[in-house]
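*Asks:* Sequence first, then the predicted structure, then my questions.
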Amino acid sequence: QVQLVETGGGSVQAGASLRLSCAASGPSFSDCAVAWFRQAPGKGHEHVAFISWDGSDTYYEDSVKGRFAISRDNAKNMAYLQMNMLKPQDTAVYYCAASHRTSTWWGGYDYKGQGTQVTVSS
């Protein structure tokens, strides 16, 4: 079992940066792939970025490629999402998710956090 808690959200202006953190508890986090998803009001969960269990493989959706960076520190049971050059369309609740499988689908993740709000104003 893995429990995830996201922190680091906030309200910023366009062009600013934020760093989201995902704190994990449970012995199997280091064996899990981690992804960040986001959900804007009235929309479904959108996959944002993925990192493999050992950090050797990452993937980004086109909407964030070149602006966001996903990373992890298995020794600290942490994952991160560095978000640069934020845009108003990045406004959403951001979720950390972990799974022993590789997926870009929200339903494919076994463990999910409660989310942290990111609001970007123009």
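*Replies:* Great, that's in hand. Residues are numbered from 1 along each chain as shown.

*Asks:* where exactly do the strands run in the chain?
*Replies:* Remark: strands assigned in the chain by DSSP state E are 3-7, 10-13, 18-25, 33-39, 45-51, 58-60, 68-73, 78-83, 92-99, 111-112, 116-121.

*Asks:* For residue 105, find the nearest of those strands.
*Replies:* Proximity to residue 105 (Cβ to Cβ) singles out strand 45-51 among the strands of the chain, at 7.3 Å. Bear in mind the C-beta positions are built from the backbone N, C-alpha and C, glycine included.

*Asks:* what does that closest one contact?
*Replies:* In this structure, residues lying in contact with strand 45-51 by Cβ atoms under 8 Å, 6 or more residues apart in numbering are 33-40, 57-61, 63-64, 68-72, 79, 81, 92, 94-95, 102, 104-106.

*Asks:* Describe which strands that strand pairs with in its sheet and in which direction.
*Replies:* Strand pairing for strand 45-51, determined by DSSP bridges: strand 33-39 (antiparallel), strand 58-60 (antiparallel).

*Asks:* most centrally placed residue in the chain?
*Replies:* Most central in the chain under Cα atoms, centre = their mean is residue 36, positioned 2.4 Å from the mean C-alpha point.

*Asks:* quick one, what contacts it?
*Replies:* By Cβ under 8 Å, 6+ apart, the residues touching residue 36 are 20, 22, 48, 49, 70, 79, 81, 94, 95, 96, 97.

*Asks:* got it, and residue 82?
*Replies:* 17, 19, 68, 69, 70, 71.

*Asks:* Equivalent analysis for residue 91, please.
*Replies:* Contacts of residue 91 (Cβ under 8 Å, 6+ apart): 40, 118, 119, 120.

*Asks:* Thanks a lot, catch you later.
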